[in-house]
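Engineer: quick one: sequence plus predicted model below, questions after.
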Amino acid sequence: MEDLEVPDVDELEDMLINRETGEITDFAETPEPTVESLYRPTPPLFRPDRHLYRFFIDGSLRTYYLGTGIEGNRSFPIELALIGAAVLVRDEEGKVTPLPGAVKTRMLLLMPRGQLGVSDTLWQRLATLNTADRFFAVIDTIEKTSITPNEATTENLRTRAGGIARNRMHRLEIEMIEVTNSQRDDDHWLILDGAVKLDEFIKAPNLIGVAKNFRKDPRFNFGKKRTDRKDITSILAGLPYAHRTAAFRAHDGQVAFWYVRLREQKQLDYPLMGVVKVELPRPDRDPVDAELADLLSRALVAERNVTPHGRDRRWHCHLYPIFLAEQAIEVVDRVDHPNCQVMLDTFHMNIEEKSLGNAIRAAGKRLRHVHACENDRGAPGSGNVTWNEVAQALKDIKYDGPVVIESFTSKVKSIARAAAIWRSLAPTQDDLARDGLKFLKQLLA
């Protein structure tokens with residue numbers, strides 16, 4: 001429920017960038033589908049059969065609040081952002097490496113200029129810090145972008161800084177995409193993580209945007225009948241595994257988008273999970289051919305399937321968390337490869353397993369890594385995990401691999417919220433590490 005109630009950063013960005021597309025009224029596919037034929041099968045098309053996706057691009061963003069600047073009677077936030085963008089290329093053997101010339105990082109100092117911030121005189125002095133290679137730049141948080149379209153106010157300066165940094169990251173992504181322009185064709189496509197409208201519409205061919213998180217409020221209205229009107233939940237609830245929806249028209253035809261289900265609903269919590277949103281630039285505003293949309297979607301469904309490192313290095317989805325040791329063992333045995341083994345986490349085991357000792361013994365020789373954590377994610381030995389049972393089971397299977405403390409801090413709010421940390425787990429993080437290590441050494445001696 002929390003995923004639905006509290007949008008993440010990617011979903012909020014999709015809402016901002018695609019704010020004009022709250023109501024969808026037209027298809028963008030030929031032959032044109034109908035409301036009765038919204039879904040098309042897209043069985044996986046694996047890389048050995050057609051190696052379609054060769055390039056993958058993503059951006060990175062970290063922002064840090066440095067403090068409050070004061071000049072005259074004005075006070076304003078000063079923030080630092082580290083941004084980056086990189087293109088990875090995959091060869092015929094499945095090996096993925098950074099594309100030469102397509103990996104860049106930048107550092108941004110963000111603060112407002114003018115009536116809400118620093119004077120022109122001080123700004124000119126700050127501007128001398130800008131480097132010729134654009135690695136370091138001082139950025140005015142008053143500026144408007146596609147992510148920060150509204151007027152700046154004293155109240156929104158901090159959020160604007162984050163939005164402007166994200167916009168600059170997108171500009172960097174566009175620069176890196178351009179490095180691949182001469183290498184993309186109908187057999188060499190690029191996948192962009194997110195929307196194809198960044199700072200501007202990407203008009204490059206042989207490129208799709210794939211969003212794992214997207215806005216949940218669009219309405220689809222294709223006629224006057226009640227059955228012609230649908231919301232996104234009703235559309236995706238009926239979308240079978242390895243199928244796509246029809247392609248829809250957005251941004252006056254400059255973008256065609258559709259949804260693809262990568263995972264069966266029985267594995268998931270609610271219908272909007274296990275689905276990606278696919279965007280295809282259409283600078284000529286022509287509808288996309290249904291067979292092309294099928295091809296792109298089939299290759300995406302194949303990319304979702306996980307194979308272990310060493311057997312096939314294709315782009316794959318994350319496996320964590322696997323809650324039950326029993327499930328992990330089943331996966332390992334089915335894959336049957338030495339590079340796919342089991343990691344057990346005492347925090348999750350304490351919730352899911354009937355017996356921690358029996359779970360460890362069941363993993364046996366497959367066990368390669370252990371996360372040691374209390375029932376409240378605190379230092380081992382400070383809660384009610386049955387550690388003697390854990391130690392005896394590790395001894396029984398002759399485990400001699402790493403036992404690593406995995407814990408979190410309540411001081412980093414984003415991490416605390418994601419890990420459900422509502423209070424401090426120790427006086428300091430050093431105390432947590434020191435006490436936990438001492439306990440584990442005595443326990444496993």
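Structural biologist: Received it, and whenever you're ready, just let me know what you need. Residues are numbered from 1 along each chain as shown.

Engineer: when you work out contacts or count neighbours from here on, use the C-alpha atoms and nothing else.
Structural biologist: Will do.

Engineer: mind listing what's buried along stretch 184-197?
Structural biologist: 184, 189-197 (16 or more other C-alpha atoms under 10 Å).

Engineer: revised request: answer the last question for stretch 44-59.
Structural biologist: 44-47, 51-59.

Engineer: nearest to Ile142, of these?
Structural biologist: Gly59 (23.1 Å; C-alpha to C-alpha).

Engineer: bridged to the closest one, which residues?
Structural biologist: Ala85 (DSSP bridges).

Engineer: and it, how far is that from Gly84?
Structural biologist: Applying C-alpha to C-alpha, to the nearest Å, the value for Gly59 to Gly84 is 6 Å.

Engineer: which intervals of the stretch 101-250 of the chain have sub-threshold pLDDT?
Structural biologist: Scanning the stretch 101-250 of the chain for pLDDT under 70 picks out the ranges 198-201, 223-228.

Engineer: switch to 80 and redo it
Structural biologist: Counting by pLDDT under 80, the stretch 101-250 of the chain has low-confidence residues at 146-147, 197-202, 212-213, 222-229.

Engineer: about what we covered before: in JSON lines: the buried residues of stretch 184-197, plus distance to Asp140 and secondary structure.
Structural biologist: Shown next, in JSON lines, are the buried residues of stretch 184-197 (distance: C-alpha to C-alpha, whole Å; DSSP: H, G, I helix; E, B strand; the rest coil):
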{"residue": "Arg184", "distance to Asp140": "35", "secondary structure": "coil"}
{"residue": "Trp189", "distance to Asp140": "36", "secondary structure": "strand"}
{"residue": "Leu190", "distance to Asp140": "32", "secondary structure": "strand"}
{"residue": "Ile191", "distance to Asp140": "31", "secondary structure": "strand"}
{"residue": "Leu192", "distance to Asp140": "27", "secondary structure": "strand"}
{"residue": "Asp193", "distance to Asp140": "27", "secondary structure": "strand"}
{"residue": "Gly194", "distance to Asp140": "25", "secondary structure": "coil"}
{"residue": "Ala195", "distance to Asp140": "25", "secondary structure": "coil"}
{"residue": "Val196", "distance to Asp140": "25", "secondary structure": "coil"}
{"residue": "Lys197", "distance to Asp140": "22", "secondary structure": "strand"}
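
Engineer: as CSV, these with distance to Thr128 would be great.
Structural biologist: CSV is the format used below for these (distance: C-alpha to C-alpha, whole Å):
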residue, distance to Thr128
Arg184, 39
Trp189, 41
Leu190, 37
Ile191, 37
Leu192, 34
Asp193, 34
Gly194, 34
Ala195, 34
Val196, 34
Lys197, 32
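
Engineer: so which of those is the closest to Pro380?
Structural biologist: Of those, the one sitting nearest to Pro380 (C-alpha to C-alpha) turns out to be Asp193, at 38.0 Å.
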